[in-house]
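In: 3D, please:
(2 chains)
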There are 2 protein chains.
Amino acid sequence: LGQLGEFGLIALLRETLKPANPEVVKGIGDDAAILRPKAGHDWVLTTDMLVEGRHFNLKTTHPWALGAKSISVNLSDCAAMGARPFAAVVSLGIPGKFPVGAVRAFYSGMKAWAGNFGVDIVGGDTVSSDKMVVNVAVLGEVKRGKALTRSGAVNGDALLVTGTLGDSGAGLHSLTHPGKKAASVRPMLEKRHLTPLPRFVVGNFLSAAGLATSCIDVSDGLSSEVNHLASESHLGAEVHEEAVPLSASLEHYCVELKKDPLRFALDGGEDYELLFTVPVKRLGEALRRIPGETGCPVTAIGRMTAASGGVVLIGGKGSRKPLGRGGFDHFGG
Amino acid sequence: LGQLGEFGLIALLRETLKPANPEVVKGIGDDAAILRPKAGHDWVLTTDMLVEGRHFNLKTTHPWALGAKSISVNLSDCAAMGARPFAAVVSLGIPGKFPVGAVRAFYSGMKAWAGNFGVDIVGGDTVSSDKMVVNVAVLGEVKRGKALTRSGAVNGDALLVTGTLGDSGAGLHSLTHPGKKAASVRPMLEKRHLTPLPRFVVGNFLSAAGLATSCIDVSDGLSSEVNHLASESHLGAEVHEEAVPLSASLEHYCVELKKDPLRFALDGGEDYELLFTVPVKRLGEALRRIPGETGCPVTAIGRMTAASGGVVLIGGKGSRKPLGRGGFDHFGG
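Out: Now for the predicted structure:
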């Protein structure tokens, strides 16, 4: 922890991070945070660990962006449950020689991102470690009994996804393959990788409107997440290749770099969009109300089928290929 | 994650860890756990990170014990708040070559320890990392407004501690200095280091009985924790050296190894006993009811004073030395 020391870090956090949510009775500064549930609500709890060299590289990720992202990935899990995140605890392992300025930048990014989304950082732990490691756990609030799960999809439900897919994967490719090609779109793609936006406004809406029968966030790539939804709901699924929403930036990047954009969309991961199902008779309502009431684009990409149908990708000419958890690699595409 | 893979680990956990607490609506298997607060209660949230090489060494710590301890240190924080822990999320970073048997042993220890204390493991994250790293976040429940804090002590309050201090520090010394001396007491001391018992039965009692004005768990050594209580309560404190409770095992170990047992008690850390204050007129009641109703020994070791008095250690002959956060080293003892 270098010059700052653990005590200094806690003092720094405590001073700058005053809780704003009424649920937070006491934040940083005791053995634990004290939280007060509101009547008629459930809470959701999720955690994610990010390890240097595995999930991020300090050569390509600024500590500020890392702080922001470490919050964002957990908020995305809350979004997938339809919950409003309100409190986070953060554990940070830092190499002894880590510059104090970088630690401050990390906390600054974390604080900014948490603040943007109304989340109080209510506690944590700082330890020294050989490589940087960040663990965040987040609590969210949802109306009692209204949390969205992966397991509620019904045979015939429409399958939808927010935003565009593959941008984050292409952004990571761009960060690790710097060059002059596609220079105009690289910043947008890299930003989607470094500081993804959690879609919890959409998640909240889906829960409040009772629209979604199931929901998951796209953290490991579409192919993997469709398989999760299908298996947890004991169903199969069909995804139409041509319906998968791709950004113009991704298409341009892939033309310039001679890459297949669908590979980024299916296997790239870290898009943090929401993948969810709605009853087919409410599909029109979903396609109208979600963009209208949340400002977030949404696309129907397929439907849920009987489990016996498996999880398949349907090509432009009607070809059917199994869509494995690992995406393309499983069917040699 | 080797042969088991992340998917295998999640399936393993999910299968073996069925939630038992009514607060847990849905445990492992979705983007987040779903929890349902009971009316009239607050929740506390705490997190701790343990890093290989810094907090534990796989040469001296069996993965089973590490699993148990990673739960225990968080339960101790709940204990210090007077809360009953009921749910935990666990993040695990594991080297790729880590043996599957060791991962299973780790989870088995974690599960056993959580089960012993009525805690459901409701979610987590498994990632690969160069060195093993474990992060646990725990939720506890306490009657509304009854959480114990570090900041409620009043000038003149008696200062008490549960159990004995220094055993864990001596246990670590024993693990890192194997030998034949004091062989009879090494297993007990090492056990106290490897699988400390959280004192939340005492914490719950202190909260329910309204006995404690402040409370903290002894994770960093008595000297550090007395300073925390004093500074958070804007007070000073006096600790009587001869009153600090030492086990017969620690005394024997220190005679044989020519060590000062007080050094382990003041600076050793990781005892996970509770340090707390009670109004002086209720001291007799505390000394009678705590052992009587929780089975846990308790000792009065000093009292809170005005802030101007500082935090001091009073020797057998009435000597007064400042008791720094780092303990002995600060006053050349």
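In: Show me what counts as buried in the host helix or strand of residue A:101.
Out: Using DSSP states H and E, residue A:101 maps to helix A:100-116. For helix A:100-116, burial by neighbour count (16 or more other CB atoms under 10 Å in any protein chain shown) applies to A:102, A:103, A:104, A:105, A:106, A:107, A:109, A:110, A:111, A:113, A:114. From N, CA and C alone the C-beta is placed, and that goes for glycine too.
In: and it with chain B, contact?
Out: No. Helix A:100-116 stays clear of chain B (CB under 8 Å from any CB of the partner chain), getting no nearer than 14.2 Å.
In: tell me how far that helix is from the chain's mean position?
Out: 19 Å (CA atoms, centre = their mean, to the nearest Å).
In: Quick one: list the elements packing against it.
Out: Other helices and strands packing on helix A:100-116, by 3 or more CB pairs under 8 Å, 6 or more residues apart in numbering or on different chains; DSSP states H and E, are helix A:5-16, helix A:63-80, strand A:84-94, strand A:120-128.
In: Tell me which of these approaches residue B:155 most closely.
Out: Shortest separation from residue B:155 across the helices and strands packed on helix A:100-116 is recorded for helix A:5-16, at 24.0 Å, computed as CB to CB.
In: right, and the helix or strand after that closest one?
Out: Next along from helix A:5-16, by DSSP H and E: strand A:24-26.
In: List the contacts of that following strand.
Out: With CB atoms under 8 Å, 6 or more residues apart in numbering or on different chains as the test, strand A:24-26 has contacts from A:19, A:33, A:34, A:35, A:36, A:86, A:87, A:120, A:122, B:42, B:147, B:149.
In: most neighbours, which of these?
Out: Most neighbours among the contacts of strand A:24-26, by other CB atoms under 10 Å in any protein chain shown: residue A:122, with 30 neighbours.
In: picking that back up, which one of the buried residues of helix A:100-116 is nearest residue A:238?
Out: Closest approach to residue A:238 among these (CB to CB): residue A:113, at 36.0 Å.
In: Tell me how far the residue lying closest to that closest one once chain neighbours are set aside lies from residue A:174.
Out: The spatial neighbour of residue A:113 that comes closest, neighbours along the chain excluded (CB to CB, 6 or more residues apart in numbering or on different chains), is residue A:68 at 3.9 Å. Here residue A:68 is placed at a distance of 18 Å from residue A:174 (CB to CB, to the nearest Å).
In: can you check residue A:146 too?
Out: With distances taken as CB to CB, residue A:146 is found 39 Å from residue A:174.
In: Look at the two and report which has more neighbours.
Out: Shown here are residue A:146 and residue A:174; by other CB under 10 Å, residue A:174 has more neighbours (23 against 17).
In: next one: phi and psi at the residue nearest to the more buried one when sequence neighbours are not counted?
Out: Excluding the flanking residues, the one nearest residue A:174 by CB to CB, 6+ apart is residue A:186, at 4.7 Å. Here is the backbone geometry of residue A:186 (degrees, to the nearest 10): phi -60, psi -40.
In: what about the residue nearest the centre of chain A, which helix or strand?
Out: Nearest residue to the geometric centre of chain A (CA atoms, centre = their mean): residue A:272, 3.0 Å. Under DSSP H and E, no helix or strand contains residue A:272.
In: That one contacts residue A:73, doesn't it?
Out: Yes. Residue A:272 sits in contact with residue A:73 when judged by CB atoms under 8 Å, with a separation of 6.8 Å.
In: Would you mind listing what in the stretch 151-300 of chain A touches chain B?
Out: By the rule CB under 8 Å from any CB, the part of the stretch 151-300 of chain A lying against chain B is A:151, A:215, A:216, A:217, A:232.
In: Filter the residues you listed down to just the ones in strands.
Out: Using DSSP state E, the subset of these located in strands is A:215, A:216, A:217.
In: How much space separates the first one from residue A:109?
Out: When you say that, I think you mean residue A:215. On the measure of CB to CB, residue A:215 and residue A:109 end up 27 Å apart.
In: now do the last one
Out: For residue A:217, the distance to residue A:109 under the criterion CB to CB works out to 20 Å.
In: quick one on the thing from earlier: give me the common contacts of residue A:272 and residue A:73.
Out: Residues within reach of residue A:272 and of residue A:73 at once, by CB under 8 Å, 6+ apart, are A:196, A:198, A:219.
In: And the second one, how far from chain B?
Out: If you measure residue A:198 against chain B using CB to the nearest CB, to the nearest Å, the figure is 11 Å.
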